[in-house]
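*Asks:* here you go, sequence then predicted model.
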Amino acid sequence: MRCMLIDFHRKMLADRVRHDAFRRALAAYIAAGARTVADLGAGTGVLSFFARELGAKECWLYDPGTVLGLAAALADANRIDGLHFVPVHSLEAEDPPRVDLVVAEVLGNFAYEEGVLDTLRDAQRFLAPGGRLMPSALAQWAQPVTSARFDQELVSFRTVGHGLDLALAERVARNNMYVHAIEARDLLEVPPARWDMVELKGEFSSARQGAVRWTAPASARVQGFALWWEATLAPGVVLSTSPHAERTHWDQIYLPLTTPLDTEKGDAIELAIACETGGGEGGIAMQWTARHARAGATLGEQTLDIARGYVE
Ligand SMILES: C[S@@+](CC[C@H](N)C(=O)[O-])C[C@H]1O[C@@H](n2cnc3c(N)ncnc32)[C@H](O)[C@@H]1O
């Protein structure tokens, strides 16, 4: 487990696309006058190190993990001063100093997991009047998947043999969201569709939902759906985990289906998603419904739910 933690940070530290985007956004706000920064989920401290180098005067680094000790040692080794290390989760920070800029890089592969929306809503209490939050908006995208390669693990229940019917176990497994490196070539040739957009200002709910629709361009078998996110870090600076954009260390989410959709040209493919990520436990509720229609008539509808995807 110890290596897992540093390896998690190693991957983030090696992500040039991520760093280019955060540096550009930090540079823009610091050039516009931001002097003080709160770094929520500071990890190894890299974003605060960038902020100091770019001209910020003081940064407060919040993280309850032991990685904050490494951040302090790295700051010493690199002779970076003006940093305050606060070893608490931001939701538990009492009366935090108000700053010009809050940066919260606490994003996962799905973007909303680990109570991210709770953190970003609460982050506003760290802001001085006129202060800015980075990211300022999150968008969630979807596109149908035609490649069968992500379903291979799921269909392996069918090849166990020994006369066993494991269809019920496969059904449980399908009611889950999976992290995979999905590429543009895995997707149905239709435009991506945005199923959610959150402006991270004022009150916003951690319960999110949205529905999107595509028209099949040709006969195809839809195996499931790919999800990814875009974060607006500053005006004009968007970090994307899209399979159509330059790769980052984040992967995409694969939402399976119970049965694939065999579409013909002109068929409607609809996806509705509802998720709830609040509550402080880091848990996630997620339900997705796929509908397939031809000439206005429903050919099939299936709802999957991660509440049905667990065994204890
Ligand atoms: C995705 S890593 C990012 C680390 C660092 N910001 C970077 O850019 O390399 C997230 C870190 O945030 C911490 N974390 C997540 N939510 C937090 C919160 N609300 N307050 C403080 N730390 C948080 C985790 O412990 C983890 O170390």
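*Replies:* Cool, the structure landed. Keep in mind that this is a model prediction, so the values were computed, not measured.

*Asks:* tell me which element residue 129 falls in.
*Replies:* strand 127-134 (DSSP states H and E).

*Asks:* next one: residue 246
*Replies:* Judged by DSSP H and E, residue 246 forms part of no helix or strand.

*Asks:* number the residues from 613 up from this point.
*Replies:* I'll keep to 613 as the first residue from here, and by that count the last item is residue 858.

*Asks:* which parts of the stretch 713-862 of the chain sit against the ligand?
*Replies:* 717-718, 726, 731 (C-beta under 6 Å from any ligand atom). Any C-beta I mention is one placed from the backbone N, CA and C, and that applies to glycine too.

*Asks:* that older thread, the strand holding residue 741: what's the following helix or strand?
*Replies:* Downstream of strand 739-746 (by DSSP H and E), the next one is strand 749-757.

*Asks:* buried sites along the lengthiest strand in the chain?
*Replies:* For the chain, the strand that runs over the most residues, judged by DSSP state E, is strand 832-846. Buried residues in strand 832-846, counting neighbours by 16 or more other C-beta atoms under 10 Å, are found at 832, 834-846.

*Asks:* do stretch 732-748 as well
*Replies:* Those would be 732-735, 738-739, 743-748, for stretch 732-748 by 16+ other C-beta under 10 Å.

*Asks:* which SS state does the residue most central in space within the chain fall under?
*Replies:* The residue lying closest to the centre of the chain (C-alpha atoms, centre = their mean) is residue 723, at 1.9 Å. Using DSSP: H, G, I helix; E, B strand; the rest coil, the secondary structure recorded for residue 723 is coil.

*Asks:* gap between it and residue 752?
*Replies:* 7 Å (C-beta to C-beta, to the nearest Å).

*Asks:* overlap in contacts of those two?
*Replies:* Contact criterion C-beta atoms under 8 Å, 6 or more residues apart in numbering; residues shared by residue 723 and residue 752: residue 841.

*Asks:* coming back round to it: report the distance from the helix or strand following the longest strand of the chain to the chain centre.
*Replies:* Next helix or strand after strand 832-846 toward the C-terminus (DSSP H and E): strand 849-852. Relative to its chain's centre, strand 849-852 lies at 13 Å (C-alpha atoms, centre = their mean, to the nearest Å).

*Asks:* list the strands paired with the next helix or strand after strand 849-852, with their directions.
*Replies:* Moving toward the C-terminus from strand 849-852, the first helix or strand encountered (DSSP H and E) is strand 864-875. Using DSSP bridges, the strands paired with strand 864-875 in its sheet are strand 790-792 (antiparallel), strand 832-846 (antiparallel).

*Asks:* and these: which comes nearest residue 658?
*Replies:* strand 832-846 (14.6 Å; C-beta to C-beta).

*Asks:* pLDDT of that closest one, averaged?
*Replies:* Mean pLDDT, strand 832-846: 98.

*Asks:* ok so, going back, and the least confident of the residues of the stretch 713-862 of the chain next to the ligand?
*Replies:* residue 726 (82).

*Asks:* that residue: how many residues sit nearby?
*Replies:* 18 (other C-beta atoms under 10 Å).

*Asks:* are we agreed that it is in a helix?
*Replies:* No: applying three-state DSSP, one finds residue 726 to be coil, outside a helix.

*Asks:* that one against residue 718, yeah?
*Replies:* Yes: using C-beta atoms under 8 Å as the test, residue 726 is close enough to residue 718 to be in contact (6.7 Å).

*Asks:* sorry, back to before: farthest-apart pair in the residues of the stretch 713-862 of the chain next to the ligand, please.
*Replies:* 717 and 726 (12.1 Å).
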